[in-house]
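Student: What would the 3D arrangement of this be:
(one chain, ligands or ions: 1)
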Amino acid sequence: MRVICTERSQVLGARVAQVLKVPVASVAFSRFPDGEQYLVAGDLDDETLIVASVVDNDALVQLMLLADACEPSSTRLVLPYMAYARQDKQFKKGEPLSARAVAKALSRGVTEVITVNIHDPAVLEHFTVPAKNISVAAEVGAYVGTLGLKNPLILAPDDGALAFAGQVAATGGWEYDHLDKTRLSGMEVRMAPKNLCAASRPVVIVDDIISTGGTIVTAAGMLYQQGATDVYAACVHGVLTGGAYARLISAGVRDVISSDTIERGCSRVSAANTIAAAVRTP
Ligand code: R5P
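Tutor: From the prediction side, this is the model:
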């Protein structure tokens, strides 16, 4: 087996290969003068593991080209981050079910798909090949443990992320809860932990994705007003669009931690061991 990766997943791909003790296949990426992407895959074995996060449209097309280039080999796809997964329902007539469109396109040419903390596991049903989802909550929890926080409260921004918060909290035996929104007036919303108190303790807000950072910026301000000593933010997928990282830090968030499903300067948690374990498990 060889691991092959797209440009946006080079570091994670190499880490997965290192854990699996298999070589990394090289790929030369370039573009035609009109901007179309082009690539040439190096030598492949009978079995190939593609590691490729779809972080944007270019990454999606690059992955489709790479999967096609790998066709002579039996190929599995690790999709650490899947853009378009949040449009997982047709909310209005005429909308696409984008997650389904992308899942179907990415099923072509591969025998299995492995996702990491996909936004909604229901998306897996849209792949036309067997698909499984794995979680790096334990790795996020292990990193939170290294911060040396005293009695931290692990907080999900909404009840949808509560299970993830619970898995992170379980690694350190910490308390966890989710934020509850109360509309005080047309303009005013109050966010506070549903059942526990944030006063006089550090809080770690955990979520699958930090995108604009808007949710956490608002929550951090309110948690400080409620007496939290320090607010941290941790996520699996650091989308961090529109200057989100700086926005979070300027809002007083002490540190922003993400995994390498999207390779960022703040990717302090690696999904490599969890991915390798899932690849080894039939
Ligand atoms: C949404 O359902 C996700 O789980 C995240 O909570 C969301 O993407 C965060 O978005 P933002 O960082 O833009 O507030």
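
Student: What is the three-state secondary structure of the closest residue in space to residue 98 that isn't next to it in sequence?
Tutor: In this structure, residue 98 finds its nearest non-sequential neighbour in residue 87, 3.7 Å apart by Cβ to Cβ, 6 or more residues apart in numbering. Yep, even glycine has a C-beta here, placed from its N, CA and C like the rest. Secondary structure, DSSP: H, G, I helix; E, B strand; the rest coil: residue 87 is coil.

Student: Name the residue most distant from the centre of the chain?
Tutor: residue 185 (34.1 Å; Cα atoms, centre = their mean).

Student: Strands along the stretch 51-200 of the chain, start to end?
Tutor: 74-79, 112-116, 131-134, 153-156, 175-183, 189-193 (DSSP state E, counting those that start in this stretch).

Student: Could you look over those and pick the most buried one?
Tutor: strand 153-156 (a mean of 28; mean count of other Cβ atoms under 10 Å).

Student: Just list what that one packs against, helices and strands only.
Tutor: For strand 153-156, the elements it packs on are helix 162-170, strand 175-183, strand 203-210, judged by 3 or more Cβ pairs under 8 Å, 6 or more residues apart in numbering; DSSP states H and E.

Student: I'd like those as JSON lines, with mean pLDDT appended.
Tutor: Shown next, in JSON lines, are these (pLDDT from 0 to 100):
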{"stretch": "helix 162-170", "mean pLDDT": "97"}
{"stretch": "strand 175-183", "mean pLDDT": "91"}
{"stretch": "strand 203-210", "mean pLDDT": "96"}
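
Student: coming back round to it: contact partners for the residue nearest to residue 98?
Tutor: 95-99 (Cβ atoms under 8 Å, 6 or more residues apart in numbering).

Student: Looking at these, which is nearest the ligand?
Tutor: Lowest distance from the ligand to the contacts of residue 87 (Cβ to the nearest ligand atom) belongs to residue 99, with 12.6 Å.

Student: residues contacting the residue nearest to the spatial centre of the chain?
Tutor: In the chain, the residue lying closest to the centroid (Cα atoms, centre = their mean) is residue 237, at 2.8 Å. Going by Cβ under 8 Å, 6+ apart, residue 237 touches 81, 117, 208-210, 258-259, 261-262.

Student: Sheet partners, orientation included, of the worst-scoring helix or strand of the chain on mean pLDDT?
Tutor: Ranking every helix and strand in the chain by mean pLDDT, DSSP states H and E puts strand 189-193 at the bottom, with a mean of 85. Take DSSP bridges as the rule and strand 189-193 pairs in its sheet with strand 175-183 (antiparallel).

Student: okay, the angle between the strand it pairs with and helix 162-170?
Tutor: Interaxial angle of strand 175-183 relative to helix 162-170 (axes from the mean of the first three to the mean of the last three Cα atoms, to 10 degrees): 150 degrees.

Student: hmm, back to that, export the contacts of residue 87 as a markdown table, with columns for distance to the ligand and neighbour count.
Tutor: As requested, the contacts of residue 87 are arranged in a markdown table below (distance: Cβ to the nearest ligand atom, whole Å; neighbours: other Cβ atoms under 10 Å):
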| residue | distance to the ligand | neighbour count |
| --- | --- | --- |
| 95 | 17 | 10 |
| 96 | 18 | 11 |
| 97 | 16 | 17 |
| 98 | 14 | 17 |
| 99 | 13 | 24 |
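
Student: before we move on, back to that, how far away is the residue nearest to the centre of the chain from the ligand?
Tutor: Distance from residue 237 to the ligand, counting by Cβ to the nearest ligand atom, to the nearest Å: 9 Å.

Student: go on, residue 68?
Tutor: Distance from residue 68 to the ligand, by Cβ to the nearest ligand atom: 31 Å.

Student: what's the neighbour count on that residue?
Tutor: Neighbour count for residue 68, taken as other Cβ atoms under 10 Å: 12.

Student: before we move on, the earlier item: mind telling me what element the residue nearest to the centre of the chain is part of?
Tutor: For residue 237, the element it lies in under DSSP states H and E is strand 231-238.
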